[in-house]
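Engineer: Provide a 3D model corresponding to the input given below.
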Amino acid sequence: MSSDNTIKGFVPRISQLDSIILTDEAYSLIKSQLLSVVKYVGQNSLTRLEPEIDAVLRYLLLKFTVQKARSSIGQQLLQIKYEDSVSLRRLRNYVHLLVFGRWIKQRAGDLAARFFKNGNARVFASQCVNMMEILYKTAELLNLLVFLHEGIYPSVVERVFRMKPVSSNIRNVRTISYVYFTRELMWHGFAELLAFVLPLINLQYFHNVVRKMLPSSVDDEEDDSEQQDISFNQQTTCVLCNSPPILPHNFGLPVCAQQV
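Structural biologist: This next block holds a predicted model:
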């Protein structure tokens, strides 16, 4: 990393991507806690008003983080902010687009059915939303390729509003430790090796060896020898009915004629 990039507040690509993931995780955690608080209101009411609850909660979080502090929750954790040249108007428009764009996506069918009062309007609106989502995903893919090359604007919306993330603490540049990645790769490799080798091992053979080595196995062998020494003669009778046994066996009570 050059000194010019450090002076300008250069942010590594991994830090920018991690900030997006941390922001989404923080929002999911706050939303789950909020839903657990109001769960006794009724599941039907929460399901019906979930897009509005999502929009209000997202607007409040973005307003007091991005619009006020120039950085999202994930960016604050990684000491990232938007550069000072970004005006408050652009920040406000950025927040409104994120919030109302997602809300319109979720309510497009209901809004179309209410305004046009036609059953086919809902289907047409859903098709339009799906088409727009496909175009947006394609733009996200292209933007990701450009971001990996240039290192700025990790999302399409940030590129549209020219909101460049910079480091809020130039002296504390984030360093990446590969110890965790190495440990994860070694563990996954070991797990794959076990999954390949274990089916090739005769576990029943080792089970029998261990069972013979245990003290309890000796008692079982003595019980088996005692059962093998049992003999039947003409005076042998069933202990239940005092009748001659039919098809006697040495591992159980003899079967008498009345039980057949």
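
Engineer: just the helices in the stretch 101-250 of the chain please.
Structural biologist: 119-150, 156-161, 179-197, 203-213, 215-228 (DSSP state H, counting those that start in this stretch).

Engineer: Give the buried residues for the first one.
Structural biologist: Right, helix 119-150. For helix 119-150, a neighbour-count test (16 or more other Cβ atoms under 10 Å) marks Ala121, Arg122, Ala125, Val129, Asn143, Phe147 as buried. Just so you know, the C-beta spots here come from the backbone N, C-alpha and C atoms, and that holds for glycine as well.

Engineer: Where does the prediction get shaky in the stretch 151-260 of the chain?
Structural biologist: In the predicted model of the stretch 151-260 of the chain, residues 170-178, 216-232, 248-260 satisfy pLDDT under 70.

Engineer: ok, the nearest residue to Pro244 once chain neighbours are set aside - contacts?
Structural biologist: Leaving aside its sequence neighbours, Pro244 sits nearest to Thr237 (Cβ to Cβ, 6 or more residues apart in numbering; 6.3 Å). By Cβ atoms under 8 Å, 6 or more residues apart in numbering, the residues touching Thr237 are Ser243, Pro244, Pro245.

Engineer: what's the distance between the second one and Leu111?
Structural biologist: Pro244 sits 91 Å away from Leu111, taking Cβ to Cβ, to the nearest Å as the criterion.

Engineer: my read is Lys81 is in a strand, agree?
Structural biologist: Yes - going by DSSP: H, G, I helix; E, B strand; the rest coil, the assignment for Lys81 places it inside a strand.

Engineer: What's the separation between it and Val209?
Structural biologist: Counting by Cβ to Cβ, the gap from Lys81 to Val209 is 65 Å.

Engineer: Can you give the contact residues for stretch 90-101?
Structural biologist: By Cβ under 8 Å, 6+ apart, stretch 90-101 touches 55, 58-59, 62-63, 66-67, 70, 82, 157-158, 161-163.

Engineer: Now with 10 Å, please.
Structural biologist: The contact list for stretch 90-101 (Cβ atoms under 10 Å, 6 or more residues apart in numbering) reads 54-63, 65-70, 82, 86-87, 132, 136, 155, 157-158, 160-163.

Engineer: Next step: the residues you listed restricted to strands.
Structural biologist: Counting by DSSP state E, those place Tyr82 in strands.

Engineer: Now do Glu50: how many residues are near it, please.
Structural biologist: Neighbourhood size, Glu50 [other Cβ atoms under 10 Å]: 13.

Engineer: residues contacting it?
Structural biologist: Glu50 neighbours (Cβ under 10 Å, 6+ apart): Lys31, Leu35, Gln106.

Engineer: Looking at Lys81 and Val209, which one has more neighbours?
Structural biologist: Just comparing Lys81 and Val209: by other Cβ under 10 Å the higher neighbour count belongs to Lys81, 20 against 9.

Engineer: Distance check, the more buried one against Phe10.
Structural biologist: Separation of Lys81 from Phe10 (Cβ to Cβ): 13 Å.
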